[in-house]
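S.K.: Predicted coordinates and the sequence they were generated for:
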Amino acid sequence: MILRLIYPKWNKLEGQTHFNLPPLGPSVMAAALPEDVTVDFIDENVQELNYDDPADLVGISVMITAQIKRGWEIAREYQARGKQVIFGGVATMLHAEETMLHTDSVFLGEAEGRMEEVVEDFRRGQLKKLYNFMPHPPDIGIVGPARRDILNQDLYYHKGIRMVDLFQASRGCRFSCYPCAVSFLGGRNFRPRPFDKVAEELATIDNNRLFIVDNSLAQDRDWLKDLFRMMIPFKKNWCSHTIDDDPEVLDLAAQAGAWYVYQAVIDSSDFIRERIKRYHDHGIAVEATVLLGMDNQSEDDILRLIDFLLEVNLDLAEFTVMTPFRHTKAWDDMERDGRIFDRDWDNYNAGKVVFKPLKMSPDRLQELYNYAWEQFYKDETQEQKMFKLIMRVIERERQQGTYRPPRKDLVNTSFGKIIGR
Amino acid sequence: MEAKIKYVDEIFHFSGKWEMPSLCGIQIRKKDNGTLVILTELYEQNPGSSVTGMIEAVATEVVKHYGIPPETAVFIVHNPERSSHHEFFAETFYYARLKWDGEKYSYPEWEKTTEASVEV
């Protein structure tokens, strides 16, 4: 049986450096499939999709909301060719009812221990319209290494430099942040993977550079310290979301290969300034993730925030506009107040204003978003700053003896496409 | 940042989106002209769906569970203050105006109100 598994493309944000990371969700799902299922994976962001390639069942894996409509289009094409289609992934869970109108089957929840049933149903011609496992997440202990072998890894290189591989040491999140749907998706319970499983997976990843995509590395201090101690011998270098702001944790994180963190910067407080400094003191670079258009922000607040970001010696910054994704408190609040004016999911890419901000017009917020990008990168482009980060990790890898030079055969390509040097 | 609980006599368990086990705070006050039901969002303490996103279903479960006459029930959703300086975690009160069709509530309309309305 051939499962054609597709990761739909989405429109990248205008004006930003475009890059593609090897997706984790499809690899995790593939690992949960019975062994006799052959996975034929296509990442539409870096590959052409041919609807006439052989396939028994079509799976569409969607992570972000801006992929969902393209997923529906793909499903229509396959259904017109007589193929059955099943959707899964984060954005499927956020848009399940709508997606059920566009597909034969919808899978909600985590895949481990569930895919045998789905495949068996399909083989018997009894694929169900809905597989709802959201109330019953699997035992985290059965989550095995993701099947990164389904990916064409050569497509995730830019000028010979390999992108980071995504990796997960825990699921769930005990926090309940305003714009985030993670608690709905992964449950509010923090579920760390057993260390032997984490180690097993790390050993399978033939890449020195990782992105630990855990929702937060600030959920359980003791677990975190043990995780970092366990990771030290692997000599990986990695980026992650926020790390617990504790000197011992940061010290262990640095030893375990913390390269840079995505740190939410929501105001120009001394708390944020000091936090950035503490990361830097431990040799950890900081990419600020800056959300613009929160209800507490005025135009002046945003302008002050941009000035602040330029002052505090950040390594990178990424700006997004507040976006009320489904199943978040932001959605609840704005829907209740009638402030959402755009329900075209293609526009839910965190670069377009889809709601009425409280303290400015939507157009003004859009202007400030564009201004933030321009101002932050006016003296040094995003690509130049990224290059500096790469040089830092190269220096560290040379000291560790793990450095691998750029692939010469891919030095004239970017994500599978030929480019000039 | 735990929610500060003011209007909670007990925890109400309800079936959230996709049957996710969910909960909220509840306080029921008998009035001369009906029943006031205050539902409190519990943020991190709630493992499932928000009350706000599920108000029709939650309100229907509440009147059936407690035997409240649905036609005269008034619902207020309370978002407790979370000791945050961010406005989006400020305390709010909203009336949820719902239509009862004999079996269930539907068509929610929201109206912002004040804490004083709870005490009326």
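M.R.: Okay, I see it.

S.K.: Where do the helices of chain B begin and end?
M.R.: B:55-66, B:115-119 (DSSP state H).

S.K.: whoops, I mixed them up, chain A
M.R.: A:25-31, A:68-80, A:90-94, A:96-100, A:115-123, A:182-186, A:195-204, A:221-231, A:247-255, A:270-281, A:299-311, A:329-336, A:362-376, A:382-400.

S.K.: And the helix-or-strand element of chain B with minimal mean pLDDT, what's buried?
M.R.: None of the helices or strands of chain B scores lower by mean pLDDT, DSSP states H and E than helix B:115-119, at a mean of 86. Residues B:117-118 are the ones in helix B:115-119 that count as buried (16 or more other C-beta atoms under 10 Å in any protein chain shown). C-beta here means a position set from N, CA and C on the backbone, and glycine is covered the same way.

S.K.: right, and the helices of chain B - which one's nearest chain A?
M.R.: helix B:55-66 (9.0 Å; C-beta to the nearest C-beta).

S.K.: Distance of the residue nearest to A:Pro54 when sequence neighbours are not counted relative to chain B?
M.R.: Nearest residue to A:Pro54 in three dimensions, chain neighbours excluded: A:Ile2, at 5.7 Å (C-beta to C-beta, 6 or more residues apart in numbering or on different chains). Going from A:Ile2 to chain B by C-beta to the nearest C-beta, to the nearest Å gives 30 Å.

S.K.: Is A:Ile2 in contact with A:Asp40, as I believe?
M.R.: Yes: taking contacts as C-beta atoms under 8 Å, A:Ile2 lies within contact range of A:Asp40: 5.7 Å.

S.K.: which ones are touching A:Gln126?
M.R.: Residues counted as contacts of A:Gln126 (C-beta atoms under 8 Å, 6 or more residues apart in numbering or on different chains): none.

S.K.: no wait, A:Asp363
M.R.: So A:Asp363 contacts A:Val353 (C-beta under 8 Å, 6+ apart).

S.K.: Any stretches of chain B with poor pLDDT?
M.R.: B:1-5, B:83-88 (pLDDT under 70).

S.K.: For the longest strand seen in it, which strands pair with it and how are they oriented?
M.R.: As assigned by DSSP state E, the longest strand anywhere in chain B is strand B:21-31. Paired neighbours of strand B:21-31 in the sheet (DSSP bridges): strand B:10-15 (antiparallel), strand B:34-40 (antiparallel).

S.K.: What count of nearby residues applies to A:His332?
M.R.: Rather than His, residue A:332 is Asp. Neighbourhood size, A:Asp332 [other C-beta atoms under 10 Å in any protein chain shown]: 23.

S.K.: swap that for A:Val321, sorry
M.R.: Number of residues near A:Val321 (other C-beta under 10 Å) recorded here: 23.

S.K.: swap in A:Ile306?
M.R.: A:Ile306, neighbours per other C-beta under 10 Å, totals 22.

S.K.: which non-adjacent residue is nearest A:Asp315?
M.R.: Leaving aside its chain neighbours, A:Asp315 sits nearest to A:Ala285 (4.0 Å; criterion: C-beta to C-beta, 6+ apart).

S.K.: my guess is that neighbour meets A:Arg392, correct?
M.R.: Yes: in this structure A:Ala285 lies within contact range of A:Arg392 using C-beta under 8 Å: 6.6 Å.

S.K.: Of these two, which one has the most company?
M.R.: A count of neighbours by other C-beta under 10 Å puts A:Ala285 above the other of A:Ala285 and A:Arg392, at 20 against 16.

S.K.: residue contacts, the more buried one?
M.R.: By C-beta under 8 Å, 6+ apart, A:Ala285 lies in contact with A:259-261, A:279, A:315-316, A:389, A:392.

S.K.: Could you do A:Val198 as well?
M.R.: Taking C-beta under 8 Å, 6+ apart as the test, what A:Val198 contacts is A:169, A:227, A:230-231.

S.K.: Could you measure from it over to chain B?
M.R.: 25 Å.

S.K.: Quick check: the gap between that residue and A:Asp226.
M.R.: 10 Å (C-beta to C-beta, to the nearest Å).

S.K.: Around chain A, which positions in chain B sit nearby?
M.R.: Contact residues, chain B versus chain A (C-beta under 8 Å from any C-beta of the partner chain): B:17-21, B:43-44, B:46-50, B:52-53, B:85-89, B:94, B:110, B:112.

S.K.: Please flag which of these sit within strands.
M.R.: B:21, B:94, B:110, B:112.

S.K.: what pairs with the first one across the strands?
M.R.: On the basis of DSSP bridges, B:Pro21 takes part in beta bridges with B:Ser15.

S.K.: I figured it hits B:Pro47, correct?
M.R.: Yes: counting by C-beta under 8 Å, B:Pro21 does reach B:Pro47; the two are 6.0 Å apart.

S.K.: more crowded one of those two?
M.R.: Set B:Pro21 next to B:Pro47 and count neighbours by other C-beta under 10 Å: B:Pro47 wins out with 18 against 14.

S.K.: Verify the stated contact: that one with B:Phe14.
M.R.: No: look at B:Pro47 against B:Phe14 with C-beta under 8 Å: they stay out of range, at 11.6 Å.

S.K.: shared neighbours, these two?
M.R.: B:22-23.

S.K.: List the contacts of A:Asp214.
M.R.: The contact partners of A:Asp214, taken as C-beta under 8 Å, 6+ apart, are A:168-171, A:240-241.

S.K.: Next up, phi/psi of it, please.
M.R.: The phi/psi pair for A:Asp214 (degrees, to the nearest 10) reads phi -50, psi 150.

S.K.: Get me the contact residues on the stretch 301-421 of chain A for chain B.
M.R.: So far as C-beta under 8 Å from any C-beta goes, the stretch 301-421 of chain A lies against chain B at A:327, A:329-333, A:336-337, A:358.

S.K.: With respect to B:Ile68, which of the residues you listed is nearest?
M.R.: When these are compared for distance to B:Ile68 (C-beta to C-beta), A:Arg336 comes out closest, at 22.7 Å.

S.K.: pretty sure the closest one is touching B:Phe93, no?
M.R.: No: assessed by C-beta under 8 Å, A:Arg336 is found out of contact with B:Phe93, at 11.8 Å.

S.K.: More neighbours: which of the two?
M.R.: A:Arg336 (21 against 18).

S.K.: which non-adjacent residue is nearest that one?
M.R.: In space, A:Arg336 is closest to B:Trp110, 4.3 Å off (C-beta to C-beta, 6+ apart).

S.K.: Run a quick neighbour tally on that neighbour.
M.R.: Around B:Trp110 there are 18 residues (other C-beta under 10 Å).

S.K.: Verify the contact between it and B:Leu98 for me.
M.R.: No: with contact defined as C-beta under 8 Å, B:Trp110 does not count as touching B:Leu98 (10.2 Å).

S.K.: ok so, going back, so what touches the longest strand of chain B?
M.R.: By C-beta under 8 Å, 6+ apart, the list of residues contacting strand B:21-31 reads A:135, B:5, B:7-16, B:35-42, B:45-49, B:51, B:54, B:58, B:62, B:66, B:68, B:74, B:78.

S.K.: Now that strand - C-alpha only, CSV.
M.R.: Only the C-alpha atoms of strand B:21-31 are listed here, as CSV (Å, rounded to 0.1, in the frame of the first residue of the first chain):
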residue,chain,number,x,y,z
PRO,B,21,-12.8,17.0,29.1
SER,B,22,-13.2,20.6,30.1
LEU,B,23,-14.2,22.6,33.1
CYS,B,24,-15.1,26.1,34.3
GLY,B,25,-16.2,27.7,37.5
ILE,B,26,-19.9,28.1,38.2
GLN,B,27,-22.0,30.1,40.6
ILE,B,28,-25.8,29.9,40.4
ARG,B,29,-28.0,32.6,41.9
LYS,B,30,-31.7,32.4,42.2
LYS,B,31,-33.4,35.7,41.3
